[in-house]
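Enquirer: here you go, sequence then predicted model.
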2 protein chains.
Amino acid sequence: LGAKAFADRLCAAVRAKRTPVMVGLDPRFEHLPDGLRDGLDPSDLAGVAAAYERFGREILDVAADLTPAVKFQAAFFEAAGPEGMLALAALMRHARSQGLLVVLDGKRNDIGSTAEAYARAYLGGESAAWPSDATTVNPFLGRETLDPFLAHALQSGGGFFVLVRTSNPGSKDLQEAACADGDVSDRIATWVETASAAHAGKCGYGPVGAVVGATHPSQIRRFRERMPHAVLLLPGYGAQGGAAADVRDAFDGEGLGAVVNNSRGVLCAHQRPEYAGLPWRDAARGAVEEMIRDLAEHTPAGNLRT
Amino acid sequence: LGAKAFADRLCAAVRAKRTPVMVGLDPRFEHLPDGLRDGLDPSDLAGVAAAYERFGREILDVAADLTPAVKFQAAFFEAAGPEGMLALAALMRHARSQGLLVVLDGKRNDIGSTAEAYARAYLGGESAAWPSDATTVNPFLGRETLDPFLAHALQSGGGFFVLVRTSNPGSKDLQEAACADGDVSDRIATWVETASAAHAGKCGYGPVGAVVGATHPSQIRRFRERMPHAVLLLPGYGAQGGAAADVRDAFDGEGLGAVVNNSRGVLCAHQRPEYAGLPWRDAARGAVEEMIRDLAEHTPAGNLRT
């Protein structure tokens, strides 16, 4: 790994695993399997953090067999307090040791030297506080606030995904406001494409990616065309209603250029009727395998070759 | 404290200290006083976190004598890794024990149950993972993403400040995009005012405040008028160029309705020529006292009565 460009590493990992599936680690107390939740008080934050870590290690081992990358949702670890953050760091290290690319989904940003501190925290490379390969960034504070993330990404061989169009219904509230050059999402897409094209790797994609919800199929083609050098990170498959056919246009002909995240569909597989009676690890594995097949059948991910 | 409404507690604290000055705890390695930085390697994150905690405790003791509230900048603690987060939690508890209101400035947000996890983390009350009285929230993902913060604020007696117009030059990039009802900042201001007016306390202000940069004096009056029930949190005084006269219009006639943050001016006071030769604690105290005088002279904060 090391300083090789993030997008090239991601493309190589997607080819190696022959799937763009990203498993999302968003642990919620109420979704923990019975064996991990039994007798645990949700207000016992140290106990919750320990349960998240045990649960996370097993999910990571499933993901490492099958998928190129995992995405950690910072919020759930933060909600377990400082012990939750210790568990997060330990899980990130475990994921790296298993050969997974690590995306830290914190949607952070701020201004000036504060944005720089977030960039250093989450794109500081292997020896950093949080050993992520890429992170998610909120662009609300303006274009200049992306600069520190780009600088750190180029230095460490990391990447970052800027929120362009989020998967929730309310995404339209501000993201469709009008700018001179389209709407707010279009303007952000231009920032992403400009920065990523300037630093594109051998795979044709650069270090700046874009979050585009899988729940907006009609918009995915538009954003794919506006950002030909940006990897798209698509949340919203499964629990939020996005289907494989909805994300088809996010990929190039080889099946590269996009990763599709699934959190609840995997983490809660043991609560889904179709996996009833299976041990939860097997249910999680079954859900990942099902998603891999679904994307291979309905998107250009079926063209992936190692 | 307890479940009494945040805005009422803040107004009471501002009256008691007779100033709307908020000290910002944004520790940067390069700004640590010599005695705390000597021999410390910036890549020794546990050492950096310990230095931030020692520094922070002394600053909090200065603040507790003079000011109603402190604001912790999460980014710098996160950049020190999990140990940094442990230091943050310890400092937040220390601030509360000194009678200070605690604002956690993390500019967090996400969608659905993820936003709920952030709200629980930072507005969960005294027994929560992070014992803050209020937090800052990024509204980019839409109005619905503010709902979990409001629900938790009402339950715990906390508050939150939504980014309406940030203090940096690039704030115009997206925050001035056009909506049917004004620009993006106007739309967010409407959300803030509606929610805060519906839950206004005895002081006339509600649990939802707004971040408006002190660097935009011409806009402060506009936002004050649009959000008569919202406390304004004004960053940008001092190091970013905002002056006391610039924030005058943020206050009501009693000197309530706004708090003005100062981070670098206080934390780096020992590096300012006017405090040369003073021990750094005395320099920090001098900088806080100077800002209190400045606001009392040039804004309605001079009218504050206990």
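Expert: Looks like it came in fine. Note that the coordinates shown come from a computational prediction; the quantities given were computed from them, not determined experimentally. Residues are numbered from 1 along each chain as shown, chains lettered A, B, ... in the order given.

Enquirer: distance of the closest residue to A:Arg305 other than its chain neighbours relative to chain B?
Expert: Spatial nearest neighbour of A:Arg305, chain neighbours left out: A:Arg15 (6.8 Å); criterion: CB to CB, 6 or more residues apart in numbering or on different chains. Heads up, the C-betas are built off the backbone N, CA and C, glycines and all. According to CB to the nearest CB, to the nearest Å, A:Arg15 and chain B sit 30 Å apart.

Enquirer: per-residue confidence at whichever residue of the stretch 151-300 of chain A sits closest to chain B?
Expert: Nearest to chain B, among the residues of the stretch 151-300 of chain A, is A:Gly170, at 2.5 Å (CB to the nearest CB). The model reports A:Gly170 with a pLDDT of 96.

Enquirer: likewise A:Leu1?
Expert: 39.

Enquirer: for A:Gly236, same thing?
Expert: Model confidence at A:Gly236, expressed as pLDDT, equals 89.

Enquirer: so how far is the helix or strand bottoming out on mean pLDDT in chain A from its chain's centroid?
Expert: Lowest mean confidence among the helices and strands of chain A (mean pLDDT, DSSP states H and E): helix A:34-37, at a mean of 92. Offset of helix A:34-37 from its chain centre (CA atoms, centre = their mean, to the nearest Å): 26 Å.

Enquirer: what is the helix or strand following it packed up against?
Expert: Under the assignment DSSP states H and E, the closest C-terminal helix or strand after helix A:34-37 is helix A:45-66. Applying 3 or more CB pairs under 8 Å, 6 or more residues apart in numbering or on different chains; DSSP states H and E, we find helix A:45-66 packed against strand A:21-25, helix A:34-37, helix A:74-78, helix A:81-97, helix A:264-267, helix A:280-298.

Enquirer: by contact count, what packs against the second one?
Expert: Spelled out, that is helix A:34-37. helix A:45-66.

Enquirer: name the residues that touch the helix it packs on?
Expert: A:17, A:19, A:21, A:23, A:25, A:27, A:29, A:32-33, A:36-37, A:40-42, A:70, A:76-77, A:80-81, A:83-84, A:86-87, A:90-91, A:94-95, A:98-100, A:266-267, A:281, A:284-285, A:288-289, A:292, B:129 (CB atoms under 8 Å, 6 or more residues apart in numbering or on different chains).

Enquirer: next, the angle from that helix to helix A:280-298.
Expert: Helix A:45-66 runs at 50 degrees relative to helix A:280-298, counting by axes from the mean of the first three to the mean of the last three CA atoms, to 10 degrees.

Enquirer: any idea how far B:Gly124 is from the nearest residue to A:Gly112 once chain neighbours are set aside?
Expert: In space, and not counting its chain neighbours, A:Gly112 is closest to B:Asn168: 6.5 Å by CB to CB, 6+ apart. B:Asn168 sits 30 Å away from B:Gly124, going by CB to CB, to the nearest Å.

Enquirer: ok, A:Ala16 next?
Expert: From A:Ala16 to B:Gly124 the distance is 42 Å (CB to CB).

Enquirer: ranges for the strands of the stretch 201-306 of chain A?
Expert: For the stretch 201-306 of chain A, the strands defined by DSSP state E, counting those that start in this stretch cover A:208-212, A:232-234, A:258-262.

Enquirer: re the thing from before, just the C-alpha atoms of the least confident helix or strand of chain A, please, in PDB.
Expert: Extracted in PDB, the C-alpha atoms of helix A:34-37 (Å, rounded to 0.1, in the frame of the first residue of the first chain):
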ATOM      1  CA  ASP A  34     -28.200 -11.900  20.800                       C
ATOM      2  CA  GLY A  35     -25.000 -13.500  21.900                       C
ATOM      3  CA  LEU A  36     -23.300 -10.100  22.000                       C
ATOM      4  CA  ARG A  37     -26.200  -8.100  23.400                       C
END
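
Enquirer: is stretch A:130-145 in proximity to chain B?
Expert: Yes: contact of stretch A:130-145 with chain B (CB under 8 Å from any CB of the partner chain) involves A:Trp130, A:Asn138, A:Pro139, A:Phe140, A:Leu141, A:Gly142, A:Arg143, A:Glu144, A:Thr145.

Enquirer: residues of that stretch that come out buried?
Expert: Of the residues in stretch A:130-145, A:130-143, A:145 count as buried by neighbour count, 16 or more other CB atoms under 10 Å in any protein chain shown.

Enquirer: now do that stretch, average pLDDT.
Expert: 98.

Enquirer: and it, how far apart are its ends?
Expert: End-to-end distance of stretch A:130-145 (CA to CA, to the nearest Å): 20 Å.

Enquirer: off-centre distance for that stretch?
Expert: With CA atoms, centre = their mean, you get 13 Å for stretch A:130-145.

Enquirer: what's the answer for stretch A:283-301, then?
Expert: 17 Å.

Enquirer: touching that stretch from outside, list them.
Expert: Contacts of stretch A:283-301 (CB under 8 Å, 6+ apart): A:18-21, A:23, A:58-59, A:62-63, A:65-67, A:237-238, A:243-245, A:247-248, A:250-255, A:260, A:262, A:265-267, A:269-270, A:272, A:275, A:278, A:302, A:304.
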